[in-house]
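A.B. asks: predicted coordinates and the sequence they were generated for:
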Amino acid sequence: MDKAGLDAALLAAHVSGDRAKLVTLYAEAADAHAEAQAFYLTHAYVFALEAGDARAAALRERLVALGADTPMA
């Protein structure tokens with residue numbers, strides 16, 4: 001999906017309150033935009049936590065690998 005399409009899909013998911021779709025789209029955006037990967041992954045992670053989505057743990061691991069979060073003690 002190109003940036004304009006991704007932005008439109010993100011806005012639509014925000015409007016509809018579809019947290020599962022937001023997790024998916026923000027994770028896709030992180031994969032597509034290396035310069036803003038931590039930003040998009042953080043959003044995906046937060047929405048996954050809010051939704052009780054099982055992908056939260058894997059998203060957090062990606063944030064830790066990027067140095068954008070710290071490992072749990």
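C.D. replies: Sure thing, it's come through.
A.B. asks: and the helices in the protein, which stretches?
C.D. replies: All helices of the chain, identified by DSSP state H, fall at 3-16, 19-32, 37-51, 56-66.
A.B. asks: and the shortest one, which residues are buried?
C.D. replies: By neighbour count on 16 or more other C-beta atoms under 10 Å, the buried set for helix 56-66 is A56, L59, R60, R62, L63. Where C-beta positions appear, they are placed from N, C-alpha and C, glycine not excepted.
A.B. asks: same for it, what does it pack against?
C.D. replies: helix 19-32, helix 37-51 (3 or more C-beta pairs under 8 Å, 6 or more residues apart in numbering; DSSP states H and E).
A.B. asks: number of nearby residues for Y40?
C.D. replies: Look at Y40: counted by other C-beta atoms under 10 Å, it has 20 neighbours.
A.B. asks: who touches it in this structure?
C.D. replies: By C-beta atoms under 8 Å, 6 or more residues apart in numbering, Y40 lies in contact with Y26, A27, A29, A30, H33.
A.B. asks: before we move on, back to that, between the helices and strands packed on helix 56-66, which one is closest to A9.
C.D. replies: The closest approach between A9 and any of the helices and strands packed on helix 56-66, judged by C-beta to C-beta, belongs to helix 19-32 at 5.5 Å.
A.B. asks: how far out from the middle of the chain is the closest one?
C.D. replies: 4 Å (C-alpha atoms, centre = their mean, to the nearest Å).
A.B. asks: what would the contacts of Y40 look like in a markdown table with neighbour count, pLDDT and distance to G17?
C.D. replies: Output for the contacts of Y40, formatted as a markdown table (neighbours: other C-beta atoms under 10 Å; pLDDT from 0 to 100; distance: C-beta to C-beta, whole Å):
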| residue | neighbour count | pLDDT | distance to G17 |
| --- | --- | --- | --- |
| Y26 | 24 | 97 | 14 |
| A27 | 21 | 97 | 18 |
| A29 | 22 | 95 | 18 |
| A30 | 23 | 95 | 21 |
| H33 | 13 | 90 | 24 |
